[in-house]
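>>> sequence below, structure please.
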Amino acid sequence: MKYLRKFDSVEEMETVTASSTIGIIGLAYEGSTPVIKNKPTPPPDPKATPFYIDVRGAVTLKAIEGLLMSTDGETWTDTTAMTLPTGKTYFRVKTDRTIRLRPDWTEDSNSDYDVGGNINSLVKVNFENDTNCYMFYVSSTGVLTNKTKLKSAGNLIFPATTLTVNECYKSMFNGCTSLTTAPVLPATTLARECYYNMFQGCTSLTTAPVLPATTLANMCYYGMFQGCTSLATASALPATTLADYCYYNMFKGCTSLETAPALPATTLTQVCYQNMFQDCTSLTTAPALPADTLVSGCYASMFKGCTSLETAPALPATTLAQSCYGSMFQDCTSLETAPALPVTTLVAQCYQNMFYNCSSLATAPVLPATTLANYCYNGMFSGCTSLTAAPELPATTLANDCYNGMFSGCTSLTTAPILPATTLARECYYNMFNACTNLNYIKCLATNISATYCTDYWTEGVAETGTFVKDTNMSSWTEGAKGIPSGWKVEDATA
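Predicted coordinates for the structure are as follows:
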């Protein structure tokens with residue numbers, strides 16, 4: 001509705017605005033000249049619109065006590081079981097709550113709908129200006145979990161910019177396999193597990209929403225887009241201060257993702273990037289990783305299964321932590337060159353399975369470390385079938401399982417690195433060269449091989465003939481897979 005109003009002056013007319021329901025056509029005189037201004041009704045504030053379902057086909061609503069429904073946003077009735085009409089049906093709570101009261105419905109093969117409006121209408125009566133955060137994850141279920149016919153949530157409003165409730169939006173769209181458009185997520189300060197598995201399994205989602213947060217919380221983005229197989233574009237991640245498990249599994253299984261977002265943080269936290277891009281089979285380039293001090297599990301399995309990744313990022317860190325690089329590039333079958341690894345003091349499991357099954361890896365990095373740790377190189381190059389030369393291994397003091405399976409299955413390897421240690425440790429060489437079918441030269445200067453399982457299966461499956469060089473004073477080697485390969489020539493080392 002509009003009405004005509006005469007003003008005493010143009011200045012007065014400029015100060016008046018239309019209401020949310022009534023527009024104005026203003027008339028004033030500037031001297032003898034009439035001035036007319038059309039002041040239309042302003043568009044409605046999206047935050048004032050309650051949560052709604054916009055139906056295009058076949059949605060059957062369930063009765064929900066305490067929840068009101070309306071088809072025009074003015075006349076409200078109790079939510080009852082019914083087939084929803086085409087168009088928008090709005091929902092709001094009768095009384096204020098601390099956790100959400102969600103509408104629920106069933107789908108069939110003809111279902112087709114979007115959702116929108118202010119999600120806080122499912123918690124508060126006067127939701128229009130409420131910017132608080134509430135619990136929307138109840139009984140292991142998000143508001144829209146497994147709604148497989150939902151197409152768009154682009155008009156769904158999340159008004160909170162500071163999230164204060166742990167798990168607030170957890171699993172909200174988990175399993176929404178038809179979802180193509182995600183809502184805006186304006187929060188800049190996050191809470192624990194706030195976006196945990198939020199879009200997991202949304203296999204039609206092609207673009208991630210902008211994620212402006214700079215203050216993270218533990219597990220905040222855990223599995224957020226896991227299994228989003230159509231996701232081709234990731235949002236920027238501007239945070240420089242991280243939290244434990246913050247990006248764990250975030251893009252795992254996003255098989256269409258070609259480019260990773262920049263990761264500017266230089267101070268890491270436990271397991272912060274673990275599995276972040278695992279099985280992103282279209283990813284060709286990794287982001288820079290500038291941190292120089294690592295923490296437990298920080299990069300573990302980060303690019304595992306990225307079968308298109310051809311270039312690894314530089315790894316400038318000088319201080320390692322347990323499992324920091326564990327399985328980082330495992331199954332990256334297109335990776336041809338490994339990054340430099342300059343650290344000389346290792347920690348437990350630091351490089352375990354780091355390049356496992358990197359079948360295109362032709363060149364190994366220099367490994368200068370002289371201080372080893374348990375499982376430090378365990379399985380590091382196992383299955384690297386293109387590796388023709390092994391790096392030198394200068395350490396003379398070994399650790400339990402330090403080289404366990406390190407080169408197993410390296411079928412192009414012909415010469416083992418010189419093994420200078422005189423006293424072996426438990427399982428230190430276990431499986432070390434197992435199935436290296438072309439290996440025909442080993443020089444091992446050990447004189448004490450009494451440690452448990454220290455050489456078990458270490459030469460099983462090597463070439464039928466070859467040369468084994470031993471210490472002159474060593475007489476306790478046996479023949480076979482636990483010692484000197486059968487059929488090999490034995491020589492004493494010369495000074």
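
>>> for the strand ranked longest in the chain, the distance to its chain's centre please.
Longest strand in the chain, counting residues (DSSP state E): strand 105-118. Centre-to-centre, strand 105-118 and its host chain are 28 Å apart (Cα atoms, centre = their mean, to the nearest Å).

>>> what packs against that strand?
Here strand 105-118 touches strand 51-61, strand 155-157, going by 3 or more Cβ pairs under 8 Å, 6 or more residues apart in numbering; DSSP states H and E. Using the backbone N, CA and C atoms, a C-beta is placed for each residue, glycine as well.

>>> ok, residues contacting the last one?
With Cβ atoms under 8 Å, 6 or more residues apart in numbering as the test, strand 155-157 has contacts from 46-47, 49, 51, 114-120, 183-184.

>>> please redo it, this time with the cut-off set to 6 Å
Residues outside strand 155-157 that contact it (Cβ atoms under 6 Å, 6 or more residues apart in numbering) are 46, 47, 115, 116, 118, 183.

>>> quick check: buried residues in the helix or strand following it?
Per DSSP states H and E, the first helix or strand lying C-terminal to strand 155-157 is strand 441-444. Residues of strand 441-444 classed as buried by neighbour count (16 or more other Cβ atoms under 10 Å): 442, 443, 444.

>>> I'd like the residues you listed as CSV, with distance to residue 67 and pLDDT appended.
Listed next are those as CSV, based on distance: Cβ to Cβ, whole Å; pLDDT from 0 to 100:
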residue, distance to residue 67, pLDDT
442, 74, 98
443, 77, 98
444, 74, 98
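
>>> picking that back up, can you put the helices and strands packed on strand 105-118 in a markdown table and add distance to residue 105 and mean pLDDT?
Putting the helices and strands packed on strand 105-118 into a markdown table (distance: least, Cβ to Cβ, whole Å; pLDDT from 0 to 100) gives the following:
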| stretch | distance to residue 105 | mean pLDDT |
| --- | --- | --- |
| strand 51-61 | 5 | 95 |
| strand 155-157 | 16 | 97 |
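
>>> what's the closest of those strands to residue 217?
Closest to residue 217 of the helices and strands packed on strand 105-118, according to Cβ to Cβ: strand 155-157, at 22.0 Å.

>>> adjacent strands (with direction) for that closest one?
Strand 155-157 has these partner strands in its sheet, going by DSSP bridges: strand 105-118 (parallel).

>>> now the strand it pairs with: mean pLDDT?
The average pLDDT within strand 105-118 is 96.

>>> got the contact list for that strand?
Against strand 105-118 from outside (Cβ under 6 Å, 6+ apart): 47, 49-61, 127, 149, 151-153, 155-157.

>>> and for stretch 228-239?
199, 202-208, 210-211, 214, 216, 225, 254-257, 261.

>>> low pLDDT regions in this protein?
Counting by pLDDT under 70, the ranges of the chain that qualify are 1-44, 495.

>>> okay, which residue is most central for it?
residue 250 (1.9 Å; Cα atoms, centre = their mean).

>>> quick one: it from residue 295, how far?
18 Å (Cβ to Cβ, to the nearest Å).

>>> what do you get for residue 314?
From residue 314 across to residue 295, the span is 18 Å (Cβ to Cβ).

>>> more neighbours: which of the two?
Neighbours per residue (other Cβ atoms under 10 Å) separate residue 314 from residue 295, with residue 295 holding more: 21 against 12.

>>> just the buried ones from the contacts of stretch 228-239?
Buried members of the contacts of stretch 228-239, counted by 16+ other Cβ under 10 Å: 199, 202-205, 208, 211, 216, 225, 254-257, 261.

>>> for the residues you listed, which two are the farthest from each other?
204 and 216 (27.5 Å).

>>> tell me which residues in stretch 222-239 are buried?
Judged by neighbour count (16+ other Cβ under 10 Å), stretch 222-239 contains these buried residues: 222, 223, 224, 225, 226, 227, 228, 229, 231, 234, 237, 239.

>>> backbone phi and psi for the last one, please?
The phi and psi torsions at residue 239 (degrees, to the nearest 10) take the values phi -60, psi 140.

>>> ok, back up a step: buried residues in the longest strand of the chain?
By 16+ other Cβ under 10 Å, the buried positions in strand 105-118 come out as 105, 107, 111, 112, 113, 114, 115, 116, 117, 118.

>>> do you know how far the closest residue in space to the third one that isn't next to it in sequence is from residue 49?
Residue nearest to residue 111 in three dimensions, not counting chain neighbours: residue 149, with 3.8 Å by Cβ to Cβ, 6 or more residues apart in numbering. The gap separating residue 149 from residue 49 is 22 Å, by Cβ to Cβ.
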